[in-house]
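Chemist: Model the structure of this input:
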Amino acid sequence: MKRIKLFFNCLIEKISCGSTEVCLYGGKVMLYVLPARNYKLLSAFTEGTSMNAKHLRICINVILMLTVSFIMTAVSYAAFEPIAIGARPAGLGGAYTALADDIYAVYYNPAGLSLIPRGEFTAQYSQMYMGLWDKSNLSYSFVGIAQPLRIKRDFGTIGVSVLNFNADNLYKESTFILSYGKNFTIGGVRKLDVGFNLKTLSIGYGEDTYTYDTLNNDGIASSLETGTARADALFDKYGFTKTASTVDFGMKYSIFSNYKVAFMIQNITQPNIALDDTVESKLPAVYNIGFAHTGKSYALGLDYMTKQTNKISDYKIAVSGEKYLPFGMGLRSGIVFGSRELMNLAVGVGFKTEGIQFDYAIEYPFSGIKNTMGNHKVSMVLKFGPVLHDSLDAELQMAYAKEQKVRIETEQKLDEKSKQLDKASKELDTTNKVLETTNRELEIAKVEIEKLKDQLEELLKRPIPVIPVPAEQKPSKETKETGKPSASKELAPVSSDNPERQYLGEYNTYRKTADKLIFNDRVEKIKQIVVRFKDKKIDTSSAQGEYKILLEEQKNQGRMYTDSLTYYRKMVAKGIDQKTQSDLLKKIISRYEQFGIDVSEAQKELDAIGK
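Modeler: Model prediction:
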């Protein structure tokens, strides 16, 4: 009763009811419409009484208030309620935030516009809650068009759409939407889609007996037919329409190739939609989070929506699935549940080809408004123009590749014809220029080849270095006392009694034959001596010094081998003949093989020439 009393006070202070059958509260019209016969019953009830006009108006207000209060406990609506637009999204229960990839992205998530490969046009009509007891006619209509922008590079996609809601002639909502969506690459991969909407919102109330007083200030009956009625005080002062503007923002991100997460916020600026600007009635911001998994012929979606109206939070969760059959027929379903005991079931069917798509959906409420035939939606999407955007859908990718191939072939043909027109006059000049350029390049190449050949010959003609015979190493005092070291031609196992004596014998033998050995054998001989006596705790500095000198020379020859190959390959690049190539490679191999250099690269190239 306390709530009724408060609401009653508001009505008395804020409203001139009269015959108005729309409840006016807080400077706005609330959607609690009473049938005309209710007022006739009230008139019959008060007819013949001794009430004066003021008391009569209070009585009518009280009864209207009680009726409205009763209705409020069962149904609660706000202006521009989020609903499922488009038969395909409706068949998915509105779980379209992450799945949006067609013209309906202008409503669910403008970021999805970037996925539209070509121009799209749609028209949709929806009959809501068919079979209401008072035969009320509630309907939605939607018309939209989107066009990708591509001139050499991708400039995104723009869209324009209009959404209308009608409740007979009593109430109307109109939304005009200008949309834009663009994709961005991260690390060279297309992952992020971003979009926004600029919206103009308009509310209109019918000019009929519902919004005009039936009693003047003196309590005398009046009517629109006789021209004696006047608009309710609120409408008389502020008119029957209100317009506001706001902005939406959306984004989609590809976690993996076929998994997406999306976010959408509607009515960011929360505009005031009350007729009376002095009364605050902000349109709440609506937050949507979506997740989608798509395959070659199926899609799964999950959406969570939340908003806050008059400090009361509402939420909605929608889960959906869609399957396309090989011949273009699509089946889809979704379940929706949320606050205020919301629970709806949605099912839909569709058929699509490369150029057109038809869809039908029905949403059936399990709570709230009951005993109706549900919401029925029929929509059509017409696809037109060339494919301008790439798509993640396999079928669209094939169509895109086909369109791209045709476009490239057409451009090539046009270019070819254009060249043929100038060919006759330019052919001789072009040929002469090519010959001059070729001759010039050949002369330059010859000079460079000669220069490289001289450099290579200089390397190959360098005298083979003469490594002097190493100095004799004198025996230690111990070895002198035990006897002279014995020379040995063959390497015997190292003696544990006097390794120094054995070492000196082998080293002296090496000294006597060093100048007669080829470089590679000389390196191997001294290496064996160094390795054998390395850990015997004797002085092997002479052998180690000799080995170090030989290794340094070997490295030097290795560098010269690399330089020789470099010069050779440059000459090959300039165009020397195969005979010259073979002769040079043989000289390189012969020169550096004796120094123990790995000449396998040169040998492979020589073998390749022979084949």
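
Chemist: Please work out which residues outside the one helix or strand Gly159 maps to touch it.
Modeler: For Gly159, the host element (DSSP states H and E) is strand 153-167. Residues from elsewhere that reach strand 153-167 (C-beta atoms under 8 Å, 6 or more residues apart in numbering): 31, 33, 85, 103, 105-107, 110, 113-114, 116, 136-149, 172-183, 388-389. Any C-beta I mention is one placed from the backbone N, CA and C, and that applies to glycine too.

Chemist: cutoff 7 Å now
Modeler: 85, 103, 106-107, 113-114, 116, 136, 138-149, 172-182, 389 (C-beta atoms under 7 Å, 6 or more residues apart in numbering).

Chemist: Of those, which belong to strands?
Modeler: 138-149, 172-182 (DSSP state E).

Chemist: Would you mark the buried spots in stretch 138-148?
Modeler: 138, 140, 142, 144-148 (16 or more other C-beta atoms under 10 Å).

Chemist: where do the helices sit along the stretch 51-200 of the chain?
Modeler: Remark: helices assigned in the stretch 51-200 of the chain by DSSP state H, counting those that start in this stretch are 53-72, 87-91, 105-108.

Chemist: Which strands and helices lie in contact with the second one?
Modeler: To tie it back to what came earlier, the one meant is helix 87-91. Counting contacts by 3 or more C-beta pairs under 7 Å, 6 or more residues apart in numbering; DSSP states H and E, helix 87-91 is packed against strand 329-338, strand 342-352, strand 356-365, strand 375-384.

Chemist: Ok, the shortest one next?
Modeler: Using 3+ C-beta pairs under 7 Å, 6+ apart as the contact criterion, the secondary-structure elements in contact with helix 105-108 are strand 153-167, strand 171-186.

Chemist: what about 10 Å?
Modeler: Packing partners of helix 105-108 (3 or more C-beta pairs under 10 Å, 6 or more residues apart in numbering; DSSP states H and E): helix 87-91, strand 119-128, strand 138-151, strand 153-167, strand 171-186, strand 189-205, strand 241-256, strand 259-266.

Chemist: Generate JSON lines for these, with distance to Thr306 as supplementary columns.
Modeler: As requested, the helices and strands packed on helix 105-108 are exported to JSON lines (distance: least, C-beta to C-beta, whole Å):
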{"stretch": "helix 87-91", "distance to Thr306": "19"}
{"stretch": "strand 119-128", "distance to Thr306": "23"}
{"stretch": "strand 138-151", "distance to Thr306": "22"}
{"stretch": "strand 153-167", "distance to Thr306": "21"}
{"stretch": "strand 171-186", "distance to Thr306": "21"}
{"stretch": "strand 189-205", "distance to Thr306": "19"}
{"stretch": "strand 241-256", "distance to Thr306": "15"}
{"stretch": "strand 259-266", "distance to Thr306": "11"}
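
Chemist: Out of those, which is the most enclosed?
Modeler: Comparing these by mean neighbour count (mean count of other C-beta atoms under 10 Å), helix 87-91 ranks first with a mean of 30.

Chemist: Please put the alpha-carbon coordinates of that one into CSV.
Modeler: Taking Å, rounded to 0.1, in the frame of the first residue of the first chain, the C-alpha atoms of helix 87-91 are listed here in CSV:
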residue,chain,number,x,y,z
ALA,A,87,15.7,-13.4,-38.5
ARG,A,88,19.1,-15.1,-38.4
PRO,A,89,20.3,-13.4,-35.2
ALA,A,90,16.8,-13.9,-33.7
GLY,A,91,17.0,-17.6,-34.4
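
Chemist: mean confidence score for that helix?
Modeler: The pLDDT scores in helix 87-91 average 93.

Chemist: which residues touch Asp359?
Modeler: 86-91, 104, 122, 124, 330, 332, 348-352, 377-381 (C-beta atoms under 10 Å, 6 or more residues apart in numbering).

Chemist: excluding its backbone neighbours, what's nearest the residue nearest the centre of the chain?
Modeler: The centroid of the chain falls nearest to Lys191 when counting by C-alpha atoms, centre = their mean (2.6 Å). Once flanking residues are discounted, Lys191 sits nearest to Ser254: 4.6 Å by C-beta to C-beta, 6 or more residues apart in numbering.

Chemist: Quick check: bridge partners of the one you found?
Modeler: When assigned by DSSP bridges, Ser254 has beta-bridge partners Lys260.

Chemist: In this structure it contacts Phe184, no?
Modeler: No - counting by C-beta atoms under 10 Å, Phe184 is not a contact partner of Ser254; they are 11.1 Å apart.

Chemist: Need the residues touching each of these two.
Modeler: Shared contacts of Ser254 and Phe184, defined by C-beta under 10 Å, 6+ apart, are found at 190-193.

Chemist: So which of those residues is the closest to Lys453?
Modeler: Of all those, Arg190 has the smallest distance to Lys453: 53.2 Å, by C-beta to C-beta.

Chemist: Would you check how far apart the nearest residue to the closest one once chain neighbours are set aside and Thr410 are?
Modeler: Excluding its sequence neighbours, the residue lying closest to Arg190 (C-beta to C-beta, 6+ apart) is Asn183, at 5.6 Å. According to C-beta to C-beta, to the nearest Å, Asn183 and Thr410 sit 26 Å apart.
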